[in-house]
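Novice: with the input below, show me the fold.
(2 chains)
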Amino acid sequence: KAGVTQTPRYLIKTRGQQVTLSCSPISGHRSVSWYQQTPGQGLQFLFEYFSETQRNKGNFPGRFSGRQFSNSRSEMNVSTLELGDSALYLCASSLEPTDTQYFGPGTRLTVL
Amino acid sequence: EDQVTQSPEALRLQEGESSSLNCSYTVSGLRGLFWYRQDPGKGPEFLFTLYSAGEEKEKERLKATLTKKESFLHITAPKPEDSATYLCAVQVYGGATNKLIFGTGTLLAVQP
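Specialist: Residues are numbered from 1 along each chain as shown, chains lettered A, B, ... in the order given. Presented below is the predicted three-dimensional model:
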């Protein structure tokens, strides 16, 4: 069974731009969560989706948003990029909420 | 506030030298504790889930244990390929949310 896939793997943007990241969960998994990983803060929860509904959101500004489609694929968007948004963005999927989460390889975002 | 602390931050071992990594937690209600392994530039790889005090799980040279306040990841006779960052995360009660709270990880280096 294929694992979680994330595209693109690498992105370079400049301040003020916006970016969209994509995540395809493991086949059959309906819950998708997003995390931001930085050297200083570690892994921090962004948001969680299940059945196209956002169930929980972490402590991030409104510039961070996401959505989930009917096939469980998910996207996250960051608008008005700041230097501090440079990070590894990780997507994780699980069969149902509260089940074990399996992570994708991440998207490395660099903001110049 | 729910919190997860891992120690040590970094650990250097000789091949074959067994040791333990610690994950202590302060949470309102523990649903599950998860161990992941992360290699540089990759997403976290799931290792174990523990649900109740006294529970133990094993996989090859790794063994995870859980008490009411902490978890240990024991590494027996490690090999250089066990070098990675080991992450501990907790899932807490509070609605049907899948949010994971991560520790900052232990960077393990095993020298031949």
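Novice: does chain A sit close to stretch B:61-68?
Specialist: No. Stretch B:61-68 lies out of reach of chain A by C-beta under 8 Å from any C-beta of the partner chain, never closer than 13.4 Å. In short, each C-beta sits where N, CA and C put it, glycine included.
Novice: what does stretch B:74-86 give?
Specialist: No. Figure legend: stretch B:74-86 not in contact with chain A (C-beta under 8 Å from any C-beta); closest approach 10.0 Å.
Novice: what does that stretch contact?
Specialist: B:6, B:13, B:15-21, B:35-39, B:47, B:61-65, B:73, B:105-112 (C-beta atoms under 8 Å, 6 or more residues apart in numbering or on different chains).
Novice: kindly recompute the last result at 7 Å.
Specialist: B:13, B:15-21, B:35, B:37-39, B:61-63, B:73, B:105-110, B:112 (C-beta atoms under 7 Å, 6 or more residues apart in numbering or on different chains).
Novice: selection in ChimeraX covering whichever of those are buried, please.
Specialist: Per 16 or more other C-beta atoms under 10 Å in any protein chain shown, the buried members of the contacts of stretch B:74-86 correspond to this ChimeraX selection:
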select /B:13,21,35,37,38,62,63,73,105,106,107,108,110
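Novice: and the pLDDT at residue B:42?
Specialist: Predicted confidence (pLDDT) for residue B:42: 94.
Novice: which residues touch it?
Specialist: residue A:105.
Novice: quickly list what the most centrally placed residue in chain A is bridged to.
Specialist: In chain A, the residue lying closest to the centroid (C-alpha atoms, centre = their mean) is residue A:34, at 3.5 Å. Per DSSP bridges, the residues bridged to residue A:34 are residue A:47, residue A:91.
Novice: surely it touches residue A:91?
Specialist: Yes. Judged on C-beta atoms under 7 Å, residue A:34 makes contact with residue A:91 at a distance of 5.6 Å.
Novice: tell me which stretches of chain A form strands.
Specialist: A:5-7, A:10-13, A:19-24, A:31-38, A:42-50, A:53-57, A:64-68, A:74-78, A:87-94, A:102-103, A:107-111 (DSSP state E).
Novice: could you check how far the residue nearest to the centre of chain A is from residue B:11?
Specialist: As judged by C-beta to C-beta, to the nearest Å, residue A:34 and residue B:11 stand 30 Å apart.
Novice: how about the residues of chain B by chain A?
Specialist: The interface of chain B toward chain A, taken as C-beta under 7 Å from any C-beta of the partner chain, is made up of B:31, B:34, B:42-44, B:46, B:49, B:87, B:91, B:96-100, B:102, B:104-105.
Novice: 10 Å - rerun?
Specialist: Neighbours of chain A within chain B, by C-beta under 10 Å from any C-beta of the partner chain: B:4, B:6, B:31-32, B:34, B:36, B:38, B:41-46, B:48-49, B:85, B:87, B:89, B:91, B:93-105.
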